[in-house]
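Engineer: Fold the following.
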Amino acid sequence: MRQVKQFHFTVIAAAIAALPLASYAQQNDSALEKITVTATKREAVLTDVSLGISALSDKALEARGIASLEDLGASAPGMDIIKTSPGENLLVSRGISTSQSLSIQSGPAVGVYIDEMPLAGLTSGVPDFGLWDVARVEMLRGPQGTLYGEGAMAGTIRIISNAPDSNKTAARVQIGGASVDGGSTGNSLHGMLNLPLSQGVAALRATLSSVKDPAWIDAPELNKKDANTHQQDDAKLALRVTPSDKLKIDASVWHQNSQAVHGNNQTAPGVYSPTSLGVQPGVGVAPIANGQLNTDKRSSDSANLTVNYDFGSVSLVSATSHVKQNADFMADSRDTLPIALVYLGVPGAAVPFVLGGTELTNTRKRTLSMTTQELRLVSNGEQSLNWSAGAYFKALDRHVNNDWHILVPLVLGPADDSTVVSDTSSNSKALFAEADWKASPSVTLTGGLRAYNDDRSATADVKNFSNVFGVPVGVYNTKVSESQTTYNFIASWKPSSQINVFARAASGFRSGGPNLWVQDPANIPKDFKAEKIQSFELGVKSNPMTWLVANAYLYRNEWKDKQVNLSTPSGLYDYLGNAGAAQSQGAELELQAYPTKGLSLNAALTYTDAKLTKDLLNSSGAVVAKNGNVLPYVAPWELKASADYRWNASQGMNGLANLSYVYRDANYSEISNSAATNNGSLTQLNLRGGVESSKKTWGVFGYVRNLTNAHSITTIQMAAGGGYGVRYPSYVQPRTIGIELQAAY
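Structural biologist: Purely as a prediction, here's the structure:
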């Protein structure tokens, strides 16, 4: 009750402060500047786009200190970005999410684009990257299948970089340092150099980002302090050539390195100490401590070439991208041995004795290669009929070497070693078209379709026999082919230039695919079906006064054949299956106000009801989750609010301050809704302030993240199944104090 009262008080306070994150900029002290976005693949004013969309300008990103996807989550209404481990995130939009998984078949529910380059080929954990030198970020909520395909079932995030400028030389650098409560220090370096090659014709833009996060998790059994280290480096080189007013060529290459030691799993805030749990009455024997911490090393190289030619009435756009990623993961997985031992017939009470002298390591080497091509025609100008149409192709290959080393002398004798080499591929193509027809000066009708075909295959090559896993040596193949059609229909009415009322019906999907069924053919199906979303939305966007924006949305999503992670009865293997049905419905309120010169108040209040509408069964027919269970990572109530203030501190110098607040209601990490996976509620308060020259040639900023040092949980992982696991929460990063110094030319 006390928590509920606190929440209602916060809502009332935020409503008084009033508040979307549609990111308008101040103009003439109190008016709101119109923002142009390209989310519909045609330029449009943000308030005229008839769907749930928010955008953050470069000024808003800097004022709030948003430097990563995780930071962006605090300013994304109706969308959550949950850090599951260093450098990896889970995206949730309007109650729709995908289970966190290392499966090479899975993909995200929210599409992510950097300019014209899609990252939809990555697994459900979306990698982080520095939001440095960014012009704006666009966040689209709800299915975006017509324009963005199968990787955008729940929404799309578009990160628009600053383009090379052929008219002036420019440079910018930022250095920073941070210290986390009870932990170590971190540092960061960001740099940008813009060089014209030919005045008004060609320019290069180079950006660099290197971030070492502070660490704070101790592993006492391993005599390690501040063990959860993470270092990430990004480098990008972009070229823009405009040989004429009609032709624009953009080319870019991007390299990233990331290395994390240990995830964010903890047994108490700031502590990873599994042995302290001992025996759990009525559950079984808990895992012992890991012999060493997990490591996850990744590197990726990406390239994009986008050519835009203006024929006058239409423009032709060609976007070609290639991504190559390598990832090496190593874990000492002794905390999963209790399951295997019990499965092999060892009595639970004897497990601690048998575990003596054991070894269990799992090493996974993963590579990914993805090439995409989109070719589209787009109408120019504002006509009675505005349209875009095109074709999309994707070739994706993933390769995994999965090695296990198991030594349990009292049970197995000699060490048990196994290797499985897995390859999956996806070759897909799509045709799409969308058009806006102005039926009258105040009524616009939008219709869009996308026809999609995907051919997927999976091969498992079992190199040697394992007594534990029991999979015969050999090569096992599975192929799946499917076709989907998605739609987007919108009717919008603008009774005045300040009001836009719309109704939208749209669909989206996530492809099915093959399972690595050879591990347990009796319980693992060979494939899983595509999951589909049908969405209905009503929205009102309004700008009733020059200093106020108020938007409201109601939506309902019908989710069929939801893809979920399941485990075999033994608990040894995970696979992807389909739930019968689920739904999410809710409401969103966005407000933004400029009550006085220099002050911007923003807030978004959302309510989401997302649940199963049919029992979820595993392969043996047992109920895994009941009808009515809440979908993972979906909080019923959520509030995100911020206040930005800018003032003239002295002649030639401006002061800046930002206060942001996030509240997330209690939610579950697993669809079973077991008490052990209840994340509880989350609260976080961040503060940022500083001074800069009026010409932005220098700046000094300080910040405090998690000002109250709250120990809220973001996610919970179960280290083992079959009743012999232990919950490993990930707590939000403790209070972190930092400073940033900037200089620009």
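Engineer: gap between the two ends of stretch 604-622?
Structural biologist: 40 Å (C-alpha to C-alpha, to the nearest Å).
Engineer: quick one: that stretch to chain centroid distance?
Structural biologist: 21 Å (C-alpha atoms, centre = their mean, to the nearest Å).
Engineer: State the mean pLDDT of that stretch.
Structural biologist: Across stretch 604-622, pLDDT averages out at 87.
Engineer: Any buried residues in it, and which?
Structural biologist: Under the neighbour-count criterion of 16 or more other C-beta atoms under 10 Å, stretch 604-622 has 604-606, 608, 610-613, 615-619 buried. C-betas here are computed from N, CA, C, even on glycine.
Engineer: In helices only, show me those.
Structural biologist: Nothing among the buried residues of stretch 604-622 maps onto helices, per DSSP state H.
Engineer: could you dump the residues you listed to TSV with distance to residue 515?
Structural biologist: Listed next are the buried residues of stretch 604-622 as TSV, based on distance: C-beta to C-beta, whole Å:
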residue	distance to residue 515
604	38
605	40
606	35
608	30
610	25
611	26
612	21
613	24
615	21
616	17
617	16
618	13
619	10
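Engineer: Can you show me the helices along the stretch 201-350 of the chain?
Structural biologist: Using DSSP state H, counting those that start in this stretch, the helices found in the stretch 201-350 of the chain span residues 337-343.
Engineer: quick one: low-confidence ranges for it?
Structural biologist: By pLDDT under 70, the weakly predicted segments of the stretch 201-350 of the chain are 274-292, 335-344, 348-349.
Engineer: Strands of that one, start to end?
Structural biologist: For the stretch 201-350 of the chain, the strands defined by DSSP state E, counting those that start in this stretch occupy 202-213, 230-241, 247-261, 279-280, 284-285, 295-310, 314-332.
Engineer: Compute the inter-axis angle for the last one and strand 295-310.
Structural biologist: What that stands for is strand 314-332. 180 degrees (axes from the mean of the first three to the mean of the last three C-alpha atoms, to 10 degrees).
Engineer: Parallel or antiparallel, list what pairs with strand 314-332.
Structural biologist: Paired strands of strand 314-332, with direction, are strand 295-310 (antiparallel), strand 359-379 (antiparallel) (DSSP bridges).
Engineer: In PDB, list the C-alpha atoms belonging to the first one.
Structural biologist: This points to strand 295-310. Extracted in PDB, the C-alpha atoms of strand 295-310 (Å, rounded to 0.1, in the frame of the first residue of the first chain):
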ATOM      1  CA  THR A 295      33.900 -13.900 -20.600                       C
ATOM      2  CA  ASP A 296      32.300 -12.600 -23.700                       C
ATOM      3  CA  LYS A 297      34.400 -11.100 -26.500                       C
ATOM      4  CA  ARG A 298      32.800  -9.600 -29.600                       C
ATOM      5  CA  SER A 299      34.000  -7.800 -32.700                       C
ATOM      6  CA  SER A 300      32.000  -6.600 -35.700                       C
ATOM      7  CA  ASP A 301      32.600  -4.900 -39.000                       C
ATOM      8  CA  SER A 302      29.800  -3.200 -40.800                       C
ATOM      9  CA  ALA A 303      29.500  -1.300 -44.100                       C
ATOM     10  CA  ASN A 304      26.700   0.600 -45.800                       C
ATOM     11  CA  LEU A 305      26.300   2.200 -49.200                       C
ATOM     12  CA  THR A 306      23.200   4.400 -49.800                       C
ATOM     13  CA  VAL A 307      22.600   6.100 -53.100                       C
ATOM     14  CA  ASN A 308      19.700   8.500 -53.600                       C
ATOM     15  CA  TYR A 309      18.900  10.000 -57.000                       C
ATOM     16  CA  ASP A 310      16.200  12.600 -57.500                       C
END
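Engineer: buried ones in it?
Structural biologist: 295, 296, 298, 300, 302, 303, 304, 305, 306, 307, 308.
Engineer: next one: the longest one
Structural biologist: Buried residues in strand 359-379, defined by neighbour count with 16+ other C-beta under 10 Å: 360-362, 364-366, 368-374, 376, 378-379.
Engineer: before we move on, back to that, pipe the buried residues of strand 295-310 into a markdown table and attach distance to residue 566 per row.
Structural biologist: Output for the buried residues of strand 295-310, formatted as a markdown table (distance: C-beta to C-beta, whole Å):
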| residue | distance to residue 566 |
| --- | --- |
| 295 | 28 |
| 296 | 24 |
| 298 | 27 |
| 300 | 30 |
| 302 | 33 |
| 303 | 37 |
| 304 | 37 |
| 305 | 41 |
| 306 | 41 |
| 307 | 45 |
| 308 | 45 |
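Engineer: Would you check which pair of these lies furthest apart?
Structural biologist: 295 and 308 (42.5 Å; C-beta to C-beta).
Engineer: from the buried residues of strand 295-310, which single one is nearest residue 665?
Structural biologist: The closest of those, once distances to residue 665 are taken by C-beta to C-beta, is residue 296, at 30.6 Å.
Engineer: what about the closest one, distance to residue 365?
Structural biologist: The gap separating residue 296 from residue 365 is 12 Å, by C-beta to C-beta, to the nearest Å.
Engineer: Residue 308 pairs with what?
Structural biologist: Residue 308 has these beta-bridge partners by DSSP bridges: residue 248, residue 317.
Engineer: ok, now which ones touch it?
Structural biologist: When contacts are counted by C-beta atoms under 8 Å, 6 or more residues apart in numbering, residue 308 touches 247, 248, 249, 250, 315, 316, 317.
Engineer: can you redo the strands paired with strand 314-332 as JSON lines with distance to residue 227?
Structural biologist: Supplementary listing: the strands paired with strand 314-332 in JSON lines, determined by distance: least, C-beta to C-beta, whole Å:
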{"stretch": "strand 295-310", "distance to residue 227": "11"}
{"stretch": "strand 359-379", "distance to residue 227": "17"}
